[in-house]
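*Asks:* Give me coordinates for this.
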Amino acid sequence: MYNPPAFREQRTEVLRDAIRSHPLATLITSGSAGLIANVLPFNLRVTAQGDLLCAHLAKANDQLVDLRHGAQALVIFQGPQAYITPSWYPTKKQHGKVVPTWNYVIVQVRGVPKIRDDRDWLFDQLSELTSAHESKRREPWYVNDAPSDFIEGQLKGIIGLEIPIDHIEGKWKVSQNQPMENRIGVVEGLLIDGKKALGAEVKSRANGD
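*Replies:* Numbers count the residues shown, from 1 in each chain. A predicted model of the protein is given here:
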């Protein structure tokens, strides 16, 4: 993707945190049927051999044809985003040389997927994914809460996907190319509009974090 130096994010932990915070991603492959895209929730596994993205999809999903043939995958994680009005820039009143833009956080991952069709792997992936999103709830739901025969039936209809991360790239377009007074204006504007997550990103970059 187009990624000017001012917007590049290369810190491993920051990229990992973005994936964990925004796990619903777009999986894109190109094969005999052309480009195919599906939206899947992923969980990130950090291993001694490298980071892995894990997911599952329906066995009836057409994208499995390309995945089984070893097609390279592009996985796009979209973080907080918002329209930025030039009205938030103090420099608008000074010289008027400002235009609207869009601020956003995005992580792109590339790798060659591996199909995982063993029952235990699938059960572990479902449990891991569920626990990540249920653990903070007052009454968390666990996979074992459902009848075992029901879960076994569900497992027969899906297949696992494991993507070793060969390349990862982050883009934090959060007003780094604006003077400090405009960055502060963006933070204030986003907070008023309720876009707290992106406002925090802009503030963090303005502080050099």
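*Asks:* Name whatever forms a beta bridge with the residue nearest the centre of the chain.
*Replies:* Residue closest to the average C-alpha location in the chain (CA atoms, centre = their mean): residue 77, at 2.3 Å. When bridges are called by DSSP bridges, residue 77 pairs up with residue 25, residue 107.
*Asks:* Could you tell me which residues make contact with it?
*Replies:* Applying CB atoms under 8 Å, 6 or more residues apart in numbering to residue 77 gives the contacts 18-19, 22-23, 25, 42, 106-109. Backbone N, C-alpha and C define where each C-beta goes, glycine included.
*Asks:* same check, this time on residue 205
*Replies:* 172, 174-176, 183.
*Asks:* want to throw those into a markdown table with neighbour count and secondary structure?
*Replies:* What follows is the contacts of residue 205, written out as a markdown table (neighbours: other CB atoms under 10 Å; DSSP: H, G, I helix; E, B strand; the rest coil):
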| residue | neighbour count | secondary structure |
| --- | --- | --- |
| 172 | 24 | strand |
| 174 | 30 | coil |
| 175 | 28 | coil |
| 176 | 16 | coil |
| 183 | 21 | helix |
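*Asks:* So the closest residue to residue 106 other than its chain neighbours, which state does it fall into?
*Replies:* Nearest residue to residue 106, sequence neighbours excluded (CB to CB, 6 or more residues apart in numbering): residue 171, at 5.0 Å. Using DSSP: H, G, I helix; E, B strand; the rest coil, the structure places residue 171 in strand.
*Asks:* what about residue 171, distance to residue 47?
*Replies:* To residue 47, residue 171 is 25 Å away according to CB to CB, to the nearest Å.
*Asks:* One more: residue 111?
*Replies:* For residue 111, the distance to residue 47 - CB to CB - is 13 Å.
*Asks:* Which one's more surrounded, the two?
*Replies:* More crowded of residue 111 and residue 47, by other CB atoms under 10 Å: residue 111, with 20 against 8.
*Asks:* Can you check which helix is longest in the chain?
*Replies:* helix 119-134 (DSSP state H).
*Asks:* any idea of the mean pLDDT for that helix?
*Replies:* Throughout helix 119-134, pLDDT has a mean value of 95.
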